[in-house]
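Trainee: Pasting the sequence and the predicted coordinates here, then a few questions.
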Amino acid sequence: MEKNKVSFFNSIKTKITLLVIVSVLITTVLCMWTVIPLVEDSQSELIKSYMKDVVLVAGKNIDKEMEYLSAADVLSSESLGSVIGNVTVHNMESSYAYAVSDDGTMLYHPMESKIGQPVENDAVKQILGEISRGRRPETDVITYKFSGSMKYASFYVGENMDFVVVITADEEEVLSGSGIILKNSCYAACFILVLCSVFGFILSIRIVRPIRKITLIITSLSEMNFSENKLQAYINKQKDEIGVMGRSIDSLRKELVVMMKGISGNSESLFEASGALSTSSGETAIAVEQIEKAVSEIAQGATAQAQETQTATEDIILMGNMIEDTSREMESLRENAEKVRNAGNQAMDILSSLSSVNQRTKEAIQVVYDQTNTTNESALKIKEATDIISEIAEETNLLSLNASIEAARAGEQGRGFAVVATQIQKLAEQSNESARQIDDIIHSLIKDSEESVETMKEVRNIIGQQNENVIHTEHAFNNVKEGIDQSIESIEMIASKTQELDEARVRVVDVVQNLNAIAQENAASTEETSASAAEAGTTVESIADNARNLNEIAKQLEENVQKFIME
């Protein structure tokens, strides 16, 4: 019972009491939140109306006295003091009345120091501004801020607009009544809260009491005690939902008692029947197991035979695929060898043509070489001729010089000879210069010719070596061609043998496939028989297991039924 004890904070009684308290608090706060502003507004309007009436009466009294007395007498501080000195808002210490002339001079004020001084209130200055513009403001109540606090002020402007009577009061004091109302409301709310809390606590006790009793009844049922409980009569008398719940629980208890008695009677019969079924199913399971073992051995042999046959078939098919691949590769090899032979023949033709071209090139190089040597020899002969010309030109020059000397000696008779000697000297110098230029050209030609001769020697040697390489290459290609021809003959022979092997492979595959089909049919039939036997064995074992389980369930059912207290 201790473990079913509910803590104070989890108790329904506590929850109901808290629900009542929270509801009252929320209601009170909402009421005060909505009512207090309305009260303040109502009180403010009431005070404004009262202040307006008071200032209106005081102002009318002043106007009435001015009908009989002069304005100076009526508006003197003594006269105004007797009229408005005691005019205030009832029970408000901050309230007082004062009067201001139309030019802003303070006519009367409770503080004598302010009498005769200019008015300081901006709100009153605005009223005086209206008067100066010839407009008489209607009697009203205004609010303004003075010395840091809000004030209410009601004013009255005389009929001749020569004075203004003002009654003022602090807003804080005007609305002080709402604070009293708020405090009284709080007291009332506290009282209601306490009263409702007590009521809620008492109500929760009345609600929780039958719940506790029905909890005891349910706890007794959970302990397998289905005997009649003394508390049930109390619960059945309840008229609320708890009573309905209790009567339903009592009806359920009675039905369970009847049911458990029937179960108790049938559990013994079930225990005996399950024992007999367990014994017979065990014997049947042993017999089926022996049959299954024999069939399984036969099935294993047939399956092994089928697997070996299948393996042989797969190996032969693999061999066939390999033979087919070999045939394809041999055909590809034969085609490639044929292509290589054709390429070799073309290479031989090209080498023959290259050898012929190379021979002609060699002959042409030899001709160029001989011609270059001839040109070189001619250049040397020309050089010898230019040397002779140079020597002749020098001797001619000396002769012309001697002729010029002799002509000079001859005087006037040798002048013509001197002219001829001069021309001969010029020709000798030109010949000498031309011979020198020809010598330079011949020298350059001989140098280039010698280089050409050396180059042609190297080219002739290279052409000779190239010709030898072409001859060697031609011999090598002849050997390759002979090898390719022999390879093609061997490939054709292998292809023929491979074709014969493939035909034999096809015949073997047909035989092995027929053998495999027969082995598979035998294995399938044996496996079906083994599966049927295994299924029968499984069924019998399942029956035996179920019988044993049923026996255990009957035993547990009997033990569980014994736990119920019926009386």
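Mentor: Ah, there it is.
Trainee: where does residue 62 land on pLDDT?
Mentor: If you check residue 62, the pLDDT there is 87.
Trainee: Hmm, residue 71 and it touching each other?
Mentor: No - look at residue 62 against residue 71 with C-beta atoms under 8 Å: they stay out of range, at 9.9 Å. C-beta coordinates here come from the backbone N, C-alpha and C atoms, glycine included.
Trainee: more neighbours, the two?
Mentor: Per other C-beta atoms under 10 Å, whichever of residue 62 and residue 71 has more neighbours is residue 62, with 21 against 15.
Trainee: got the contact list for the more buried one?
Mentor: 74, 75, 80, 83, 84, 99, 158, 163, 165 (C-beta atoms under 8 Å, 6 or more residues apart in numbering).
Trainee: quick one: which of these sit in strands?
Mentor: 99, 163, 165 (DSSP state E).
Trainee: which among these gets closest to residue 111?
Mentor: residue 99 (13.2 Å; C-beta to C-beta).
Trainee: The closest one reaches residue 164, doesn't it?
Mentor: Yes - proximity of residue 99 to residue 164 meets the contact threshold set by C-beta under 8 Å, at 6.8 Å.
Trainee: Could you identify which of the contacts of residue 62 has the most neighbours?
Mentor: That'd be residue 165 among the contacts of residue 62, by other C-beta under 10 Å, with 30 neighbours.
Trainee: Pull up the gap between the nearest residue to residue 149 once chain neighbours are set aside and residue 208, please.
Mentor: Among residues not flanking residue 149 along the chain, residue 170 sits closest, at 5.8 Å (C-beta to C-beta, 6 or more residues apart in numbering). Taking C-beta to C-beta, to the nearest Å as the measure, residue 170 falls 55 Å from residue 208.
Trainee: Likewise for residue 122?
Mentor: In terms of C-beta to C-beta, residue 122 sits 68 Å off from residue 208.
Trainee: just residue 92 next, same as before
Mentor: 55 Å.
Trainee: What of residue 87?
Mentor: Residue 87 is 66 Å from residue 208, by C-beta to C-beta.
Trainee: wait, what's in contact with residue 332?
Mentor: Taking C-beta under 8 Å, 6+ apart as the definition, residue 332 has no contacts.
Trainee: try residue 99
Mentor: 62, 75, 80, 84, 106, 107, 108, 163, 164, 165, 166 are the contacts of residue 99 under C-beta under 8 Å, 6+ apart.
Trainee: Let me know how buried the residue nearest to residue 149 is, in neighbour terms.
Mentor: 18.
Trainee: re the thing from before, out of the contacts of residue 99, which one sits closest to residue 151?
Mentor: Using C-beta to C-beta, the contacts of residue 99 come closest to residue 151 at residue 166, 10.2 Å.
Trainee: So what sits opposite the closest one in the bridge?
Mentor: residue 98, residue 155 (DSSP bridges).
Trainee: Residue 155 is in contact with that one, correct?
Mentor: Yes - the pair residue 166 and residue 155 passes the contact test of C-beta under 8 Å, sitting 4.8 Å apart.
Trainee: Name the residues contacting each of these two.
Mentor: The contact lists of residue 166 and residue 155 share 55, 124, where a contact means C-beta under 8 Å, 6+ apart.
Trainee: Distance check, the residue nearest to residue 149 against residue 211.
Mentor: From residue 170 to residue 211 the distance is 59 Å (C-beta to C-beta).
Trainee: Repeat that for residue 121.
Mentor: Applying C-beta to C-beta to residue 121 and residue 211 gives a distance of 71 Å.
Trainee: Also residue 279?
Mentor: 54 Å.
Trainee: Ok, residue 38 next?
Mentor: Applying C-beta to C-beta to residue 38 and residue 211 gives a distance of 44 Å.
Trainee: Among the two, which residue is more densely surrounded?
Mentor: More crowded of residue 38 and residue 211, by other C-beta under 10 Å: residue 211, with 14 against 10.
Trainee: Now for the more buried one: which residues touch it?
Mentor: 12, 242.
Trainee: What strand or helix carries it?
Mentor: Secondary structure from DSSP states H and E places residue 211 in helix 176-222.
Trainee: That helix: how far from the chain's middle?
Mentor: Mean-position distance between helix 176-222 and its chain equals 55 Å (C-alpha atoms, centre = their mean, to the nearest Å).
Trainee: Compute the mean per-residue pLDDT across it, please.
Mentor: 74.
Trainee: do stretch 45-53 as well
Mentor: 84.
Trainee: which other residues reach it?
Mentor: Contacts for stretch 45-53 (C-beta under 8 Å, 6+ apart): 89, 90, 139, 140, 141, 152, 154, 167, 169, 174.
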